[in-house]
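Student: compute the structure for the input listed below.
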Amino acid sequence: MNIALIGYGKMGMEIEQIAIKRGHTITQRFIDVDPVTLERLRGNDCCIDFSTASAIQFNVTSSLSLGIPIVIGTTGWNNEMNDVRALVDQYNGALVYGSNFSLGANIFFKLAEDASKIFNTYTDYDVAVHETHHNMKKDAPSGTALTVANKVLQHFLRKQKISTLPTNIKPDELLVSSSRIGSVVGEHTVRFNSLADDIILTHNAHNRSGFALGAVLAAEWIVSKKGFFTFEELLWSSQ
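Tutor: All right, here's what the predicted structure looks like:
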C-alpha cells in the first residue's frame, strides 16, 4: 500500500517505521510547513494525518476529493466533527479517526466506562480525570482525556458536564485537568475518590509505537470501506 503521511513529526516518523515493517511504502511526507497538494497526494492508497487541527478540513477535502481514504490521529478539532462527517458524505469517502490509536488506551477506555457504571451507584465517591503530556503538545485537555471523560459522563450520572477549571468544582462537573512537562508521551488517569479510599485507573504510554501501529492498522482496514468510522469501531468490530 502507498501511504502519504500528513504531519511528519515524531509520530509521523514512528508511523513510517511501522508501515515499512508491514510492507508498505511511504510515498509522501508533509511536514507542518508543507502545504498538502493534490499533485502530491494523487496515486496513494491512503493518507495518515497527524498534523494540526486547523488543517483538518482542508486535508480531508484534498484526500477524499481524489478518492483516497484518510486516517486522522490529529486531535483538537471536535467542534468541526459534523463538518468533517458532511465531507465524507459529500465525497462518498472513507475516514477513520481516533483520539488515541493505542490498543492499551482503548482497553483503558472500556475499563473507565465499566468502573463508572459501578461507582455511579455509590454516592460516597467522586471522580476526576487528569492527563500529562510533553511540553510541546498543542492542545489541552488532550483528545484522549476528553474521550475518557465523555465515557465517564455517560455512566457516572452525578456528573453532567466537563470543567477544566481547577477550583470551585460543582457537584455536577467532571474536572479534566492537564499537565505539560518534559518529554512525557502520554499519561491519563481516572480517579475515583471517597473518604475511605481511592481507586485509580491509569494508562501510561511508554513510547509512540502503540499509537503508530494502530494508525497503520486503521489504514489497512479503511482502504476497503466507505463511511465515517472511529478507531474504537474498527478495533472492537474484529473481536
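
Student: give me the most central residue, the chain.
Tutor: For the chain, the residue nearest the mean C-alpha position is Ser99 (1.1 Å; C-alpha atoms, centre = their mean).

Student: spatially nearest residue to Asp139 (excluding sequence neighbours)?
Tutor: Gly76 (3.7 Å; C-beta to C-beta, 6 or more residues apart in numbering). Quick note: C-beta positions are derived from backbone N, CA and C, even for glycine.

Student: what helices or strands is the lowest-mean-pLDDT helix or strand in the chain leaning on?
Tutor: Lowest mean confidence among the helices and strands of the chain (mean pLDDT, DSSP states H and E): helix 231-237, at a mean of 83. If contacts are counted by 3 or more C-beta pairs under 8 Å, 6 or more residues apart in numbering; DSSP states H and E, helix 231-237 sits against strand 94-97, helix 103-119, helix 209-222.

Student: relative to Phe109, how far out is the residue nearest to the centre of the chain?
Tutor: According to C-beta to C-beta, to the nearest Å, Ser99 stands 9 Å off from Phe109.

Student: for Lys117, same thing?
Tutor: Separation of Lys117 from Phe109 (C-beta to C-beta): 13 Å.

Student: higher neighbour count, the two?
Tutor: Phe109 (23 against 14; other C-beta atoms under 10 Å).

Student: sec struct for Glu16, please.
Tutor: With DSSP: H, G, I helix; E, B strand; the rest coil as the basis, Glu16 sits in helix.

Student: quick check: closest non-adjacent residue to it.
Tutor: Distances taken as C-beta to C-beta, 6+ apart place Ile26 nearest to Glu16, at 5.0 Å, with adjacent residues excluded.

Student: next, the buried residues of the helix or strand where Val60 lies.
Tutor: Following DSSP states H and E, one finds Val60 within helix 56-65. The neighbour-count check on helix 56-65 (16 or more other C-beta atoms under 10 Å) flags 56, 59-64 as buried.
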